[in-house]
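S.K.: Fold the following, please.
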Amino acid sequence: MPHHLSSTEVCALCAISPKTLYAWERTGKIPASRRDRRGWRVYDPADVERIRRFAGAPAGPRRSREATRRDAKSLAGLTARNQISGTVVAITSDGILSEVVLRLADGQEIVSVVTRSSVRRLGLKKGQVAMAVIKATEVMLFG
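M.R.: Have a look, this model is predicted:
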């Protein structure tokens, strides 16, 4: 029997909330999920790609089901709800720090300054899909 992803794992991978996922299903914006024997929602990799496309998240490279589950579990355990998927468009390093530019699906960019060793450890490369996880106690808005 194939192993499916849970709704929590799908939400972490697609950077959406469970409420958003359920609302999209309820309103017919995405196909309703299948249910397992317990009645819980389950998704296969094709479902995840459909949800990513609808959410406007860039499609990631083909990955193994185990890698997808591992990444979903690591993100699902975070307390930060602001998880945004994008594509690495530039990495500039100087000394021990690197500036990483992540382009979102709508063209906006997020810039993060991390250590050069973190870029190596994460295996970040230009053109790769990555996730920005934002945890802040203060957010400045301008209108």
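
S.K.: Quick check: pLDDT value at the closest residue to Ile51 other than its chain neighbours.
M.R.: Using CB to CB, 6 or more residues apart in numbering and skipping the chain neighbours, the partner closest in space to Ile51 is Cys14 (5.1 Å). From N, CA and C alone the C-beta is placed, and that goes for glycine too. Note for Cys14: predicted pLDDT of 77.

S.K.: correct me, but Cys14 touches Arg50?
M.R.: No - with contact defined as CB atoms under 8 Å, Cys14 does not reach Arg50; the gap is 10.0 Å.

S.K.: picking up where we left off before, neighbours of the residue nearest to Ile51, how many?
M.R.: Neighbour count for Cys14, taken as other CB atoms under 10 Å: 24.

S.K.: Return the backbone torsion pair for it.
M.R.: phi -100, psi 0 (degrees, to the nearest 10).
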